[in-house]
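Trainee: got a sequence here, can you build the structure:
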Amino acid sequence: MPRHEISRVEAFSDAVFAFALTLLVVALEVPDNYEQLMVLVSGFLPFACCFALLVWIWHEHNAFFRRFGLQDGYTIVLNGALLFVVLFYVYPLKFMFDSLFARFIPALASTVAPMTFGELASTARIYSLGFVALFALFALLYRHAYARRDALGLTPLDVFDARAAMGHHLVSAGIGLVALAIATVAPRELAPLSPTSFFLMGPAHYAFGTWNSRRRRALEARGMHAA
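Mentor: Residues are numbered from 1 along each chain as shown. Purely as a prediction, here's the structure:
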């Protein structure tokens, strides 16, 4: 696929991702005593999960712009909306992971108040909406690249990969919709199933990836590398 120098859009986006990671660090208080130090250390796992998720989102963002290098107005609007979602959801993301691990790490329980089932359902709806919006925007970016395949000079394999990436992001958005539906319509006692449903990401993407790999190999076997 096309390669290019880093654009101002990418540089600005990298700065936003760096700022989002900075917000995570700023949210950590410098310990004044041993007990506070232990609380900080106990927050390693939720912080690591937040960090890993943001790096994953950055990787997906970087992969798109490395592949296509689009800088038209529509791409800038979608990219701006994506960055807005990333920044807005930094603290809700941290709160969700802190609340999750507080159930298993006693030191964190003193820093996060336990939520009722109703509060958990409401929080899960907020998180799920952000998740759906994020990956729907990724899918729209790839849909736009696919629509401009001729102008970009994409080969048939490039086109296949663009559609496959769009499909992967729609799978993620679909799982977010499942979580949203559970948080919205299920009985409040089943609210914990909403965040738990995100564990479907693994098997869903494995199944979709396996199916796409077979189709890609068949395409390669037919010699569909050239445009």
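
Trainee: which other helices and strands does the helix or strand hosting Leu157 contact?
Mentor: Take DSSP states H and E as the rule and Leu157 turns out to sit in helix 156-185. Helix 156-185 sits against helix 44-68, helix 117-147, helix 149-152, helix 193-196, helix 201-221, with contacts defined as 3 or more C-beta pairs under 8 Å, 6 or more residues apart in numbering; DSSP states H and E. All C-beta atoms are positioned from the backbone trio N, CA, C, and that covers glycine.

Trainee: save those as a markdown table, and put in mean pLDDT too.
Mentor: Putting these into a markdown table (pLDDT from 0 to 100) gives the following:
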| stretch | mean pLDDT |
| --- | --- |
| helix 44-68 | 91 |
| helix 117-147 | 93 |
| helix 149-152 | 92 |
| helix 193-196 | 90 |
| helix 201-221 | 93 |
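
Trainee: mind checking which of those is nearest Val171?
Mentor: Ranking these by proximity to Val171 (C-beta to C-beta) places helix 201-221 first, at 5.2 Å.

Trainee: mind giving me the packing neighbours of that closest one?
Mentor: Using 3+ C-beta pairs under 8 Å, 6+ apart: helix 201-221 touches helix 156-185.

Trainee: report the buried residues of the helix it packs on.
Mentor: Going by neighbour count (16 or more other C-beta atoms under 10 Å), the buried part of helix 156-185 is 156-173, 175-180, 182-183.

Trainee: spatially central, which residue of the protein would that be?
Mentor: Centroid check for the chain by C-alpha atoms, centre = their mean gives Ile57 as the closest residue, at 4.6 Å.

Trainee: who's in contact with that one?
Mentor: 17, 86, 134 (C-beta atoms under 8 Å, 6 or more residues apart in numbering).

Trainee: if I look at the residue nearest to the last one when sequence neighbours are not counted, how far off is Ala181?
Mentor: For Leu134, ignoring the flanking residues on the chain, the nearest one in space by C-beta to C-beta, 6 or more residues apart in numbering is Val85 at 5.1 Å. Taking C-beta to C-beta, to the nearest Å as the measure, Val85 falls 20 Å from Ala181.
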